[in-house]
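Student: Give me the fold of what follows.
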Amino acid sequence: MTTHAWQPTATIATLKQRAILLGKIRAFFAERNIFEVETPLLCHSSVTALHLHSFKSEYLNDDHSIKETLYLQTSPEYAMKRLLSAGSGSIYQICKAFRNAGESGRMHNPEFTMLEWYHPGFNHHDLMNEMDELLQAILNTSTADRFTYTELFVQQVGIAPHIASIEQLQKIAADQGINEIAQLDKTDKDNWLFLLMSHIIEPKLGQTKPVFIYDFPASQAALAKIRQADPPVAERFEVYYKGVELANGFHELSDAKEQHARFLKDLEKRKAAGYPSLPIDKRFLAGLEHGLPDCAGVAVGIDRLIMLAIGLDKISEVIAFPVERA
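Tutor: Numbering: from 1, shown residues only. Purely as a prediction, here's the structure:
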């Protein structure tokens, strides 16, 4: 008799609840005439962001020689934006995503389920409203709180993050006994902001109802538009509930030249960090050049959302077979 752990880590009752919740999510979008799409998980290019790492696969010729390298997607974003550029209108997708970060645990699995949706004509505030409606429908929460990135830092650590110096951020980290930045570039201000956010602010967020954070530093724009304020801010938001990060949303960047410049900057950072270079997604850029409609989009961690909806403590309790049992 085998001693291998063959059973699912989630109970069958929980997996049935998961199926019901996925049905409720699909009904939410059907009621709003947002239609479901499917895009490739295996693509010729992948995300260039410094802290995201892709799984690679070899596509073989008939003689089993390597034809080309393909990548499992960390998100369906680029392909979905190509659909938007082709005139799809409002769309959503529930799919697997893959991140080769070398970590699995309470909140992470290298293969996970993602919900991503885009709404033309919306900015990030409009999408926060729709996201809040989804949370109320699935988590039975009250209306979420909203704070700017600056408001949270002032409240929690007593400093204005957009104008604070690296030295000030280092002192706060030292005073809090936080010294886990040894593997990162200490001259990068964002690394210190990420550290303070993850260790001091995030664990306190959304204990009674969800919290939206918006107007991030322009240096953390990712694929968001930058609003020219004083100082400039990225038109993006994150959502937290019970200390868990649930979603990341953007008023989407539509300028192909700016997007290409950001990709090149990402590749410079990857090179400096000793990470492998990745091919830029030229089909995505071509879609932007054709014309991405003004829109907002958001990516939601389905496993985390379902975990919170059912009242469990770790995502392995809502996944049949996490990586350890795959």
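
Student: who's in contact with the closest residue to residue 89 other than its chain neighbours?
Tutor: Counting by Cβ to Cβ, 6 or more residues apart in numbering, residue 89 lies nearest to residue 120, which is 6.3 Å off, once chain neighbours are set aside. In short, each C-beta sits where N, CA and C put it, glycine included. Neighbouring residues of residue 120 by Cβ atoms under 8 Å, 6 or more residues apart in numbering: 84, 89, 90, 293, 294, 295.

Student: Next: residue 302.
Tutor: 22, 25, 94, 112, 113, 114, 115.

Student: Closest one of those residues to residue 101?
Tutor: Looking at those and their distance to residue 101, the nearest is residue 112, at 11.0 Å (Cβ to Cβ).

Student: so what's the closest one scoring on pLDDT?
Tutor: We note a pLDDT of 97 for residue 112 in this prediction.

Student: and it, bridged to which residues?
Tutor: residue 97 (DSSP bridges).

Student: so it sits right up against residue 301, yeah?
Tutor: Yes. Taking contacts as Cβ atoms under 8 Å, residue 112 lies within contact range of residue 301: 6.6 Å.

Student: Neighbour count for the two, which is higher?
Tutor: Of the pair residue 112 and residue 301, residue 301 is the one with more neighbours under other Cβ atoms under 10 Å, namely 23 against 20.

Student: The residue lying closest to that one once chain neighbours are set aside in helix, strand or coil?
Tutor: The shortest distance from residue 301 to any non-neighbouring residue, by Cβ to Cβ, 6+ apart, is to residue 246 (6.0 Å). Three-state assignment for residue 246 (DSSP: H, G, I helix; E, B strand; the rest coil): strand.

Student: ok, back up a step: which two from the contacts of residue 302 end up farthest apart in space?
Tutor: Across the contacts of residue 302 (Cβ to Cβ), the longest gap, 15.3 Å, separates 25 and 112.

Student: where exactly do the helices run in the chain?
Tutor: For the chain, applying DSSP state H gives helices covering 12-31, 77-85, 124-139, 149-157, 166-175, 189-196, 256-273, 282-291, 302-310.

Student: want to try JSON lines for those, with distance to residue 40 and mean pLDDT as columns?
Tutor: Shown next, in JSON lines, are the helices of the chain (distance: least, Cβ to Cβ, whole Å; pLDDT from 0 to 100):
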{"stretch": "helix 12-31", "distance to residue 40": "21", "mean pLDDT": "98"}
{"stretch": "helix 77-85", "distance to residue 40": "6", "mean pLDDT": "98"}
{"stretch": "helix 124-139", "distance to residue 40": "25", "mean pLDDT": "98"}
{"stretch": "helix 149-157", "distance to residue 40": "34", "mean pLDDT": "94"}
{"stretch": "helix 166-175", "distance to residue 40": "40", "mean pLDDT": "90"}
{"stretch": "helix 189-196", "distance to residue 40": "31", "mean pLDDT": "90"}
{"stretch": "helix 256-273", "distance to residue 40": "19", "mean pLDDT": "94"}
{"stretch": "helix 282-291", "distance to residue 40": "11", "mean pLDDT": "98"}
{"stretch": "helix 302-310", "distance to residue 40": "19", "mean pLDDT": "98"}
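
Student: So for residue 229, which of those helices sits nearest?
Tutor: Short answer: helix 149-157, nearest of these by Cβ to Cβ, at 10.7 Å.

Student: Packing partners of that closest one?
Tutor: strand 211-217 (3 or more Cβ pairs under 8 Å, 6 or more residues apart in numbering; DSSP states H and E).

Student: Just give me how far the strand it packs on sits from the chain centre.
Tutor: 14 Å (Cα atoms, centre = their mean, to the nearest Å).

Student: Tell me what angle that strand forms with helix 149-157.
Tutor: Angle between the axes of strand 211-217 and helix 149-157 is 110 degrees (criterion: axes from the mean of the first three to the mean of the last three Cα atoms, to 10 degrees).

Student: Mind giving me the packing neighbours of strand 211-217?
Tutor: Using 3+ Cβ pairs under 8 Å, 6+ apart: strand 211-217 touches helix 124-139, strand 145-148, helix 149-157, strand 233-241.

Student: what comes up buried for the first one?
Tutor: Put plainly, it is helix 124-139. 124, 127, 128, 130, 131, 132, 134, 135, 137, 138, 139 (16 or more other Cβ atoms under 10 Å).

Student: ok, so of those residues, who is nearest residue 105?
Tutor: residue 139 (22.3 Å).

Student: Distance of that closest one relative to residue 242?
Tutor: Distance, residue 139 to residue 242, by Cβ to Cβ, to the nearest Å: 10 Å.
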